[in-house]
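>>> Sequence first, predicted coordinates after that:
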Amino acid sequence: MIEFYLDRGSGVTTYLQLVHQVKRALRLGLLKPGDQLPTAREVVEKLAINPNTVHKAYRDLERDGLVETRPGQGTFVLLSLANPSLSAEPWLRRDLEQWIRRARTAGLQQDDVIALVTAVIRHSFSEGVA
């Protein structure tokens, strides 16, 4: 089951953080069709947020066809976003983990790493670099 967390300093609304975390877990294969998401009550208790925030996130995911809410049972994953290439190339993750360790050793903070990676991704994909 997914464990939600909040980054209150990110500037991203709470409900979108929940949506992004579910989509990330689906993309990485951490959530699979049939898996149940935490109940709204569980998320509210853990994160101290408004229940409507959780319901809005789950409605967005349902509208996207990724989950299904079953009254009295919960919210269940319908669709995977996992890319087979991610699991077929474990060395990519290892290389990235090593790079991040080197960046931290060099004194970069999380926000620095995110900014650098985001810039490189945008440049690489806009230029069509493989």
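Thanks, I have the structure now.

>>> downstream neighbour of the least confident helix or strand in the chain by mean pLDDT in the secondary structure list?
In the chain, the helix or strand scored least confidently by mean pLDDT, DSSP states H and E is helix 84-88, which has a mean of 72. As assigned by DSSP states H and E, the chain's next helix or strand after helix 84-88 is helix 90-105.

>>> where does G128 land on pLDDT?
As predicted, G128 sits at a pLDDT of 59.

>>> and what of L79?
pLDDT at L79 comes out at 92.

>>> Now do it: how many residues are near it, please.
Neighbour count of L79, defined by other CB atoms under 10 Å: 15. For the C-beta atoms, the positions are set from N, CA and C on the backbone; glycine is no exception.

>>> Likewise for P90?
If we define neighbours as other CB under 10 Å, then P90 has 9 of them.

>>> Could you list the residues in contact with stretch 57-64?
15-16, 18-19, 22-23, 37, 40, 67-69, 75 (CB atoms under 8 Å, 6 or more residues apart in numbering).

>>> farthest pair in those residues?
L16 and E68 (20.4 Å; CB to CB).

>>> So which elements touch the longest helix along the chain?
For the chain, the longest helix by residue count, based on DSSP state H, is helix 110-127. Helix 110-127 makes packing contacts with helix 90-105 when contacts are defined by 3 or more CB pairs under 8 Å, 6 or more residues apart in numbering; DSSP states H and E.

>>> can you do 6 Å?
Other helices and strands packing on helix 110-127, by 3 or more CB pairs under 6 Å, 6 or more residues apart in numbering; DSSP states H and E, are absent; none qualifies.

>>> starting at the chain centroid, how far to that helix?
Relative to its parent chain, helix 110-127 has a centroid offset of 17 Å by CA atoms, centre = their mean, to the nearest Å.

>>> ok, now stretch 102-119?
Distance of stretch 102-119 from the chain centroid (CA atoms, centre = their mean) equals 19 Å.

>>> For that stretch, buried residues please.
Residues of stretch 102-119 classed as buried: A103 (neighbour count, 16 or more other CB atoms under 10 Å).

>>> Check the closest residue to D112 other than its chain neighbours and give its pLDDT.
Closest residue to D112 apart from its sequence neighbours, by CB to CB, 6 or more residues apart in numbering: A103 at 7.6 Å. As predicted, A103 sits at a pLDDT of 96.
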